[in-house]
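**Q** Here is a sequence together with a model predicted from it:
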Amino acid sequence: MTAARPQAAPDDVMRELLAALVDPAAAPASPLPQGTGQDGEVPLTEGQRQLWFLQQLWPEATTYHVCTALRLRGPLHTTALERALAALIRRHPVLRMNIRAGRRGRPQGLLHPPGAGPATLVAADLGGCPPQLREARIQQAAQADLAVPFDLAGGPLVRARLLRFAPDDHALVLTLHHLVVDGWSMRIILRDLAALYSAQAAAAPAYLPELRYQYADFAAWQQSGLSSSARYAAALDHWRRTLAQAPQESTPPPDRETAQADGGRGGRSLHFDLPAATVRGVRVLAARQASSPFAVCHAAFTLWLARATGRTDLVVGAPSCGRPFPELDEVVGYFVNLLPLRSELRAESTFAETVRTAHTTIAAALDHDLLPFDRIVKTLGIRRGAGRPPLAQVAFQLVDDATVGGEADDWYGLAAEECRILHDDGARFDLELDLRRRGPETIEGCLTYDTRRYRERTAEQVRDDYLDLLAALCDHPDTPLGPLLDGGRPLTTAHDGSRRDGSR
């Protein structure tokens, strides 16, 4: 989901602003504690505990690894980069965290003091690699780091690898465990690392926002202050109403010969690009409906899912930024929360109307993002099945990326370009469609599927059908859903050739 945090009601915001103008001391104080666990034992968030538990079930799984790579062109100062990485880990204590089994087997966070956490940069000299093979070597290095499980209890949860192709051509590969980072945090890390590198190279101060709070402060608040928050009761009421008698399963039937009942999830990913014409169609339709590209793409995905399942009442998980307070916008950590978005499609509605309904549903969910997904499941009394996610077995998101480092001088004269890492993500859901906007005309796609349930050619058909449906509906937004819900192929489109060329 495009990163956003829940917003207070307009009247509440206006009252707070007017009060602050009359008396600055009347401005609302943050409920977050400060200075929680500078080092030593620290509390964990509900999301961290859930991820830790899943990792204990499958210790060798690499499902929750996060990787990004930067191509750095220009004269790189290696020592400055090493020092910048160390400064980054000092600035964000969560990057110095380990998680161990404590009393009664419960997980316990442990923060190492500044300087004690490993911040080593592993360098490899690939000076003999021809230019045409360098991109492949970056992919290979990323795959190698992604394939090695982290030691959550004692090892670093951050890996940094520098590939040197030439004095003016390097690649930096960063691999982290999801326990300490999420997608929003990765943007912070890349921005901060650029600023810290520039400061080290220029022997000047780094100009970065002051961090009044850290991730451990949020964890402490979630443990002790979440239930007493004024928004907590409203969030409980919203999810109880929204998910009353919701379907417990919204996933397409498995391929019979590949379905299995137990064992760890296998995952494979299909990487592809949306055609430029489809991206423009999404943007134009979103503007016409006073909506967002997320709502357009999500509405098309739920329509595809309805056709695949034969159901019109569906729940799709949508990851959100999970940061309930603006004070957390600059904090690195695992905040992401899963929002169970319920869609009830109506045959008489047009696709344009469905987009508007999706926009309203998404906005309401973001307004009540305070409640962690696991607590929603417990509150509703939803039973968990072995090896299957509860309530939402299918997930969708569209992330709008900011530029990596701004202008080249943000990296002290280096030109920084983010590399697209093509790898097989572990399957956290039966199906997960991730879209990422890289610019006005570019949306990258990644469809991850559980290989226990679906074959590769089934996943390829899912990708093709979704792209056909999305393009057709953007061209014909006044199309009623009825004929499409009845089954059959999507509307005929003329974009097929360009889509095939963009697939990877």
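**A** Received it, and whenever you're ready, just let me know what you need.

**Q** helices or strands next to the host helix or strand of P319 in the packing?
**A** Using DSSP states H and E, P319 falls within strand 313-320. In terms of contacts (3 or more Cβ pairs under 8 Å, 6 or more residues apart in numbering; DSSP states H and E), strand 313-320 is packed against helix 293-309, strand 337-344, helix 351-367, strand 394-400. Glycine gets a C-beta too; all of them are placed from N, C-alpha and C.

**Q** Packed most tightly, which of the ones you listed would that be?
**A** Among these, helix 293-309 has the highest mean neighbour count (mean count of other Cβ atoms under 10 Å), at a mean of 24.

**Q** Can you list the helices and strands that that helix packs against?
**A** Judged by 3+ Cβ pairs under 8 Å, 6+ apart, the packing partners of helix 293-309 are helix 276-288, strand 313-320, strand 337-344, helix 351-367, strand 394-400, strand 431-439, helix 456-475, helix 482-485.

**Q** Dump the C-alpha coordinates for it into PDB.
**A** Extracted C-alpha coordinates of helix 293-309, given in PDB (Å, rounded to 0.1, in the frame of the first residue of the first chain):
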ATOM      1  CA  PRO A 293      -3.600   4.200  -8.300                       C
ATOM      2  CA  PHE A 294      -3.700   1.800  -5.300                       C
ATOM      3  CA  ALA A 295      -7.500   1.800  -5.300                       C
ATOM      4  CA  VAL A 296      -7.600   1.200  -9.100                       C
ATOM      5  CA  CYS A 297      -5.200  -1.700  -9.100                       C
ATOM      6  CA  HIS A 298      -6.700  -3.100  -5.900                       C
ATOM      7  CA  ALA A 299     -10.200  -3.000  -7.400                       C
ATOM      8  CA  ALA A 300      -9.000  -4.800 -10.500                       C
ATOM      9  CA  PHE A 301      -7.300  -7.400  -8.400                       C
ATOM     10  CA  THR A 302     -10.400  -8.100  -6.300                       C
ATOM     11  CA  LEU A 303     -12.400  -8.500  -9.500                       C
ATOM     12  CA  TRP A 304      -9.800 -11.000 -10.800                       C
ATOM     13  CA  LEU A 305     -10.000 -12.800  -7.500                       C
ATOM     14  CA  ALA A 306     -13.800 -12.900  -7.700                       C
ATOM     15  CA  ARG A 307     -13.600 -14.500 -11.100                       C
ATOM     16  CA  ALA A 308     -11.000 -17.000  -9.900                       C
ATOM     17  CA  THR A 309     -12.900 -18.100  -6.800                       C
END
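
**Q** And it, how far out from the chain middle?
**A** 19 Å (Cα atoms, centre = their mean, to the nearest Å).

**Q** Distance to S250 for the helices and strands packed on strand 313-320 - can I get that in a markdown table?
**A** Output for the helices and strands packed on strand 313-320, formatted as a markdown table (distance: least, Cβ to Cβ, whole Å):
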| stretch | distance to S250 |
| --- | --- |
| helix 293-309 | 7 |
| strand 337-344 | 9 |
| helix 351-367 | 14 |
| strand 394-400 | 6 |
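
**Q** I'd like the helices and strands packed on helix 293-309 as JSON lines, with mean pLDDT appended.
**A** Formatted as JSON lines, the helices and strands packed on helix 293-309 follow (pLDDT from 0 to 100):
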{"stretch": "helix 276-288", "mean pLDDT": "97"}
{"stretch": "strand 313-320", "mean pLDDT": "97"}
{"stretch": "strand 337-344", "mean pLDDT": "97"}
{"stretch": "helix 351-367", "mean pLDDT": "97"}
{"stretch": "strand 394-400", "mean pLDDT": "93"}
{"stretch": "strand 431-439", "mean pLDDT": "92"}
{"stretch": "helix 456-475", "mean pLDDT": "96"}
{"stretch": "helix 482-485", "mean pLDDT": "92"}
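
**Q** Quick check: which of these is nearest to G445?
**A** Of all the helices and strands packed on helix 293-309, it is strand 431-439 that lies closest to G445, at 5.4 Å by Cβ to Cβ.

**Q** Give the partner strands of the closest one in its sheet and their orientations.
**A** strand 394-400 (parallel), strand 442-450 (antiparallel) (DSSP bridges).

**Q** residues of the longest one that come out buried?
**A** For strand 442-450, burial by neighbour count (16 or more other Cβ atoms under 10 Å) applies to 443-450.

**Q** How about stretch 239-247?
**A** Across stretch 239-247, burial judged by 16+ other Cβ under 10 Å covers 239, 242-243, 246.

**Q** Give me the mean pLDDT for it.
**A** Mean per-residue pLDDT for stretch 239-247: 95.

**Q** Give me the contacts around that stretch.
**A** In this structure, residues lying in contact with stretch 239-247 by Cβ atoms under 8 Å, 6 or more residues apart in numbering are 311, 313-315, 340, 342, 364-365, 368, 371, 376, 379-380, 391.

**Q** which two from those end up farthest apart in space?
**A** The most widely separated members of those are R311 and L371, with 25.4 Å between them, by Cβ to Cβ.

**Q** Can you tell me the element R268 falls in?
**A** According to DSSP H and E, R268 maps onto strand 267-273.

**Q** and the angle for that strand with helix 276-288?
**A** Comparing the axes of strand 267-273 and helix 276-288 via axes from the mean of the first three to the mean of the last three Cα atoms, to 10 degrees yields an angle of 90 degrees.

**Q** Return the list of helices and strands in contact with strand 267-273.
**A** So strand 267-273, by 3+ Cβ pairs under 8 Å, 6+ apart, packs with strand 442-450, helix 456-475.

**Q** Output the ones you listed in a markdown table, with distance to G127 appended to each entry.
**A** Shown next, in a markdown table, are the helices and strands packed on strand 267-273 (distance: least, Cβ to Cβ, whole Å):
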| stretch | distance to G127 |
| --- | --- |
| strand 442-450 | 31 |
| helix 456-475 | 37 |
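
**Q** Nearest approach to G281 belongs to which of these?
**A** helix 456-475 (3.2 Å).

**Q** what angle sits between the closest one and helix 276-288?
**A** Using the same axes, to 10 degrees: helix 456-475 against helix 276-288 is 50 degrees.

**Q** Provide the partner residues of L163 in its beta bridges.
**A** Counting by DSSP bridges, L163 forms beta bridges with A124, A171.

**Q** Pull the number of nearby residues for it.
**A** L163 has 23 neighbours, counted by other Cβ atoms under 10 Å.

**Q** ok so, going back, relative to the whole chain's centre, how far out is the strand holding P319?
**A** For strand 313-320, the distance to the chain centre is 14 Å (Cα atoms, centre = their mean).

**Q** Not counting that strand itself, show me its contacts.
**A** 1, 3-4, 183, 243, 246-247, 250, 298, 301-302, 305-306, 336-345, 362, 365-366, 369, 373, 389, 391-392, 394-397, 429.

**Q** can you pull the buried residues of it?
**A** Neighbour-count burial for strand 313-320 flags 314-320 (criterion: 16+ other Cβ under 10 Å).
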